[in-house]
Structure formats: structure tokens, C-alpha cells
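Predicted model and sequence follow; I will ask about them next.
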Amino acid sequence: MAKSSAPAERWPTKEDIDAARTRMEAAIPGWERPYAYGLALFNSEDETIFPVVNVGAGHLPAAVLATVCGHTGGTAVHPLEPEQIEEAIRLLEPAEACPDYEHPNLRAWRWILDEIVDPDDWAVAVFVADPADPVIDIHDARFRALIAGR
């Protein structure tokens, strides 16, 4: 997979990241922050692998992921093409300039992109608005099992 190019801007402080998050969230019509979200690799062995499970945190990566898959709110599952993951990485990369965060989502998204090598491999974004919402599919069920096990 092709890697995204170096980001044009940088967000070296927590304030810069907060400002970027505010801008990104404002650009999503009707945006509602999810209770939990994650990006997973679904592979040819029928595994749904979530390298990072975000519950009540990571609001900038949530907005980035929502931007690339068209999510505005509610509980939903979105399949993503490698190009969408590349775009998400490109949009989140400026945050790497801030040493105050470890950037686990960015590392996970790069890993997922690298792992999509077989035509039966793909990525899926899961957003859970409320843990009481009905489960949508197997990916959502696997994600919620991870949340429950936290």
C-alpha cells in the first residue's frame, strides 16, 4: 500500500490538537461524539481485529474517521477502502507533532493499512453511540465484546 505523504501542517501542542478537533467536528453536519469507536481489520480468516478500542476518548481520531466514511452520529458500521484509511492517516498525521499523546490510533491505522494484502482483507469502522443500542452486525458484536472486557 502507498503511504501518505508528510502532512502540510503540524499540531505540536494540545491546544493545536483541540483546535483541529473543534474545526473537524464543526465540519460534520449533525456530529455526535460516539460513546466508543474503532477501526478494525477484517481478514480472510474471519477475524475482526481492533488494535485500539476507544471509549469516551480520542475525539479527534473519531472525527477524522467519521469524516472519511461519512458518519455523522448514531451507532453504525462502515466498510473502508484502503484509500479511505490513507486519507484518515493523512488527516491525523499533523497530531504526531504533539509529544503529549502517544497516537495509538494513528499507529493502528497504519498497521491495518499494511495488513490489507489479500482481496478478502478489508477495514471496518465501528461507532457505538450508546451501549444500549441494538447490535448491527458481527463486527459491532465483536467490538462490543471488547468494550465489555475492558
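Looks like it came in fine. Numbering: from 1, shown residues only.

Could you give the number of residues near the closest residue to Glu115 other than its chain neighbours?
Residue nearest to Glu115 in three dimensions, not counting chain neighbours: Leu41, with 5.1 Å by C-beta to C-beta, 6 or more residues apart in numbering. For glycine as for every other residue, the C-beta is placed from the backbone atoms N, C-alpha and C. Per other C-beta atoms under 10 Å, the neighbour tally for Leu41 reads 21.

do Gly30 as well
7.

Spell out the secondary structure type for the residue sitting furthest away from the middle of the chain.
When distances are taken from the C-alpha mean of the chain, Glu45 lies farthest, 22.1 Å away, according to C-alpha atoms, centre = their mean. Assigned with DSSP: H, G, I helix; E, B strand; the rest coil, Glu45 falls in the coil class.

do Ala40 as well
Following three-state DSSP, the label given to Ala40 is strand.

Can you tell me how far it is from Ile17?
Applying C-beta to C-beta, to the nearest Å, the value for Ala40 to Ile17 is 24 Å.

So for the two, which sits in the more crowded spot?
Ala40 (25 against 20).

how close does that one sit to His78?
Ala40 is 11 Å from His78, by C-beta to C-beta.

Quickly list what's touching both of the two.
Shared contacts of Ala40 and His78 (C-beta atoms under 8 Å, 6 or more residues apart in numbering): Val124, Ala125.

I'd like the mean pLDDT over stretch 38-50, please.
On average, the pLDDT along stretch 38-50 is 93.

so Tyr37 sits in a strand?
Yes. Using three-state DSSP, the secondary structure at Tyr37 is a strand.

Do you know the pLDDT at the closest residue to it other than its chain neighbours?
Nearest non-adjacent residue to Tyr37, counting by C-beta to C-beta, 6+ apart: Phe127, 4.7 Å away. Note for Phe127: predicted pLDDT of 98.

Tell me the bridge partners for Phe127.
Counting by DSSP bridges, Phe127 is bridged to Tyr37, Ala76.

who's in contact with it?
Phe127 touches Pro34, Ala36, Tyr37, Ala62, Leu65, Ala66, His71, Gly74, Thr75, Ala76, Val77, His78, counting by C-beta under 8 Å, 6+ apart.

hmm, which of the residues you listed are the buried ones?
Pro34, Ala36, Tyr37, Ala62, Leu65, Ala66, His71, Thr75, Ala76, Val77, His78 (16 or more other C-beta atoms under 10 Å).
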